[in-house]
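In: predicted coordinates and the sequence they were generated for:
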Amino acid sequence: MQERVLSLSTPLTVLKGIGPKKAEALSIDGLSTIDQLLHYYPRKYLDRTTLTLLSKLSGGQNVNVIGTIQSIKMRKGKFKYFLESIIYDGYGYLTLRWFNGAKYIKKALKIGDKLAVSGKVEFYNGYQIIHPDFEKLKEDEDPINTGSIIPIYPLTSNLKNNGIDSRFLRRIIKTIKKSSISINDHFEKNFLLETNLIELKRALNDIHFAKSLIDLNRAIERLKFDEHFFLQLYLAFKNQKNLKIKSKPCFQNSKFDKKIIEALSFELTEAQHRAHTQIKNSLTNSSPMNCLLQGDVGSGKTIVSILASSIAVESNFQVAVMAPTEILARQHLKSFKKEFDPLKITCALLTGGMARKERDKIIESLNNGKIDLVIGTHALIQKDVKFKKLGLVIIDEQHRFGVNQRRKLVEKGNNPHFLAMTATPIPRTLAITLYGDMDLCIIDEMPKNRKPVITKVIDENRLKRVYDFMAKEVVLGRQCMIVYPLVEETEKSDLIAATEMYEELSKNEFSNLEVGLIHGKMEKTEKDSIMNNFSANNINILISTTVIEVGIDVPNSTIMLIEHAERFGLTQLHQLRGRVGRGKNKSFCILVRRSFSENAKKRLNIMEETNDGFVIADEDLKIRGPGEFFGIRQSGYLSFKIANMKTDGSLIQKARKLAKEIIKHDSNLEGRKNIELKNKLYKTYKQNLNEKIIS
């Protein structure tokens with residue numbers, strides 16, 4: 001009988017053992033073709049390349065053994081029945097026990113069965129393994145799982161309920177391996193030799209059935225590289241398309257930025273000078289600038305954005321600055337007006353809570369060009385907001401806005417220059433992946449007058465001493481802030497609410513002081529009044545939710561107390577900490593820990609050890625992963641199957657370099673060598689390739 005030739009597009013239904021029921025279950029989980037099954041990577045592996053004799057066992061070992069069942073029976077435990085089996089390999093005995101699924105396992109096993117067993121050895125009246133991973137072997141069968149690297153696959157309840165487990169998947173993939181299947185590699189052999197990567201066909205075999213750990217690691221490296229490479233190729237491909245879009249340069253013979261620098265009451269740091277020069281050069285290009293300016297809390301990004309805006313305005317363009325909160329928008333307006341008023345540059349604020357008459361006046365002035373620069377919230381992207389000549393768009397804390405929101409503002413101009421800013425330092429591996437189509441501009445230096453904040457983690461029993469310390473700071477004329485995660489108590493949370501603690505602290509510990517409360521659910525006028533009073537030192541202690549994470553600049557504040565600190569991400573804690581230490585006095589950040597888990601202790605210790613936002617960002621990425629880095633799950637770009645943002649730095653760099661080189665020489669991927677790459681690219685990022693660049 002002639003062997004059937006399979007291809008990657010062959011449906012799984014042609015394989016023996018996959019009937020209609022199992023085919024439907026696999027299809028629900030996105031597994032309909034051989035290609036999809038081969039790219040269904042194991043979640044972990046068991047190393048059975050070495051076997052241990054039962055006479056050589058010792059407690060605490062993770063072992064792989066083979067033995068024959070001598071006895072198997074249900075036994076009565078303290079609370080329920082469990083299954084116990086004893087195996088023998090000719091040299092020694094080992095007891096196996098199952099407390100879960102015991103009846104199901106008993107039906108599958110009998111005396112005389114030969115088992116390949118893996119697990120951790122414990123000692124209790126002899127050596128035993130609890131809930132071992134096992135495989136029943138046949139004398140005349142080439143055992144898939146003995147003396148090799150065993151893949152364990154991720155299994156949904158849908159697969160389990162339809163009799164699909166790791167053993168079943170291994171058997172089906174083994175069938176594919178034995179067939180004659182054609183797998184074209186999208187990389188040429190010369191490139192694979194130069195980069196020391198193995199062929200795709202071998203990688204897809206070894207990811208499932210590696211003969212050694214070396215083979216497995218090489219397979220993982222190749223498949224990781226592919227995922228990083230096609231993402232970087234996608235970003236380079238889209239960026240190349242973006243460069244073809246022409247935009248009138250904002251830059252002319254600039255004088256405004258020089259005048260602003262000369263009038264400053266402080267000296268720019270070297271990092272600020274570098275950032276300003278990089279952005280200024282980008283504004284001279286005929287294609288629109290697409291830049292991400294990132295810098296730690298207090299590193300001075302705002303003045304850099306002011307200088308960039310002055311160049312645009314001097315060249316007769318308008319500037320739009322969008323901030324995520326009204327508090328931050330008002331803070332920016334204050335900063336911009338301070339530098340722009342002497343230059344007669346007109347600035348305005350546009351927010352959602354403005355009176356209709358005032359709003360209409362601003363919109364009209366933007367439309368006729370009488371306003372040079374507008375700062376606002378989401379109100380800027382409303383349909384009736386139009387510009388006469390929008391040349392530069394600046395978005396602060398840009399990760400807080402959706403792709404469509406950012407795009408709507410950009411589309412109000414004719415391909416304007418785009419500057420995104422973030423005070424959340426982003427690990428480089430994440431930055432070059434998530435923002436690979438943007439130029440990165442980094443401010444990695446703090447102003448000389450900025451004192452590091454002293455951070456301490458405390459338990460609840462030390463709060464009284466902290467309250468006393470805060471009261472003493474107030475006596476010295478300083479101010480303090482207390483942050484809680486929630487506004488009010490809910491049935492789902494045991495957190496102390498900001499509103500409740502405001503009432504308690506203002507009546508007890510701080511009864512002789514002026515205590516204020518601010519949170520996101522307050523009316524705009526009430527929030528404005530409280531912030532104005534806090535800025536004027538009419539409020540000594542401000543109790544707040546995370547609404548103060550950005551936009552608060554009160555140099556007189558010296559203590560930031562954060563309740564339930566373990567509930568925050570490290571980057572968010574760092575943002576909150578950045579609200580103090582802005583003045584001449586020594587400042588403190590007190591983190592109240594109410595969880596005593598090892599993870600909480602580890603995370604908060606990092607905050608004690610460093611004030612470097614980039615170090616903190618790296619640690620946050622390691623702990624939470626890229627999907628939770630900004631507090632929300634990322635999708636699309638970062639839906640990797642095997643690649644790892646936390647550990648693949650060198651692979652990402654290699655993939656990015658290759659992708660940019662390919663696009664540089666073949667921007668549309670039309671060359672003979674790149675047709676296969678283009679097909680794979682469109683297959684992977686078909687939906688994303690229809691989007692615009694600014695994202």
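Out: Cool, the structure landed.
In: was I right to think residue 325 contacts residue 377?
Out: Yes. Residue 325 lies in contact with residue 377 (Cβ atoms under 8 Å); the separation is 6.9 Å. Where C-beta positions appear, they are placed from N, C-alpha and C, glycine not excepted.
In: mind listing what's buried along the helix or strand encompassing residue 68?
Out: Following DSSP states H and E, one finds residue 68 within strand 62-76. The neighbour-count check on strand 62-76 (16 or more other Cβ atoms under 10 Å) flags 63, 64, 65, 66, 67, 69, 72 as buried.
In: what does stretch 324-334 give?
Out: Under 16+ other Cβ under 10 Å, the buried positions of stretch 324-334 are 324, 325, 326, 327, 328, 329, 330, 331, 332, 333.
In: before we move on, what about stretch 275-293?
Out: Here stretch 275-293 shows 275-276, 278-280, 282-283, 288-293 as buried, counting by 16+ other Cβ under 10 Å.
In: for the stretch 351-500 of the chain, what spans make up the strands?
Out: 373-376, 390-396, 417-422, 439-443, 454-459, 479-483 (DSSP state E, counting those that start in this stretch).
In: relative to residue 156, which of those is closest?
Out: When these are compared by Cβ to Cβ, strand 417-422 sits nearest residue 156, at 36.0 Å.
In: which residues are contacting the closest one?
Out: 247, 250, 279, 282-283, 288-294, 301, 305, 308, 312, 391-399, 406, 410, 438, 694 (Cβ atoms under 8 Å, 6 or more residues apart in numbering).
In: quick one, what contacts the closest residue to residue 371 other than its chain neighbours?
Out: Using Cβ to Cβ, 6 or more residues apart in numbering and skipping the chain neighbours, the partner closest in space to residue 371 is residue 365 (4.4 Å). For residue 365, the contact set (Cβ under 8 Å, 6+ apart) comprises 346, 348, 371.
In: okay if I get the buried residues of stretch 275-293 as a markdown table plus pLDDT?
Out: Formatted as a markdown table, those follow (pLDDT from 0 to 100):
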| residue | pLDDT |
| --- | --- |
| 275 | 93 |
| 276 | 94 |
| 278 | 92 |
| 279 | 93 |
| 280 | 91 |
| 282 | 88 |
| 283 | 87 |
| 288 | 83 |
| 289 | 87 |
| 290 | 86 |
| 291 | 88 |
| 292 | 88 |
| 293 | 90 |
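In: in strands only, show me those residues.
Out: 290, 291, 292, 293 (DSSP state E).
In: wait, which of these is closest to residue 671?
Out: The closest of those to residue 671 turns out to be residue 290 (Cβ to Cβ; 26.0 Å).
In: so how far is residue 392 from the closest one?
Out: Distance, residue 290 to residue 392, by Cβ to Cβ, to the nearest Å: 12 Å.
In: outside of the helix or strand encompassing residue 682, which residues touch it?
Out: Element membership for residue 682 (DSSP H and E) is helix 675-685. Under the contact criterion Cβ under 8 Å, 6+ apart, helix 675-685 has outside partners 184, 186, 230, 231, 233, 234, 237, 662, 669, 670, 689.
In: just confirm the fifth one is within a helix.
Out: Yep, that's residue 233 we're talking about. Yes. Assessed with DSSP: H, G, I helix; E, B strand; the rest coil, residue 233 lies in a helix.
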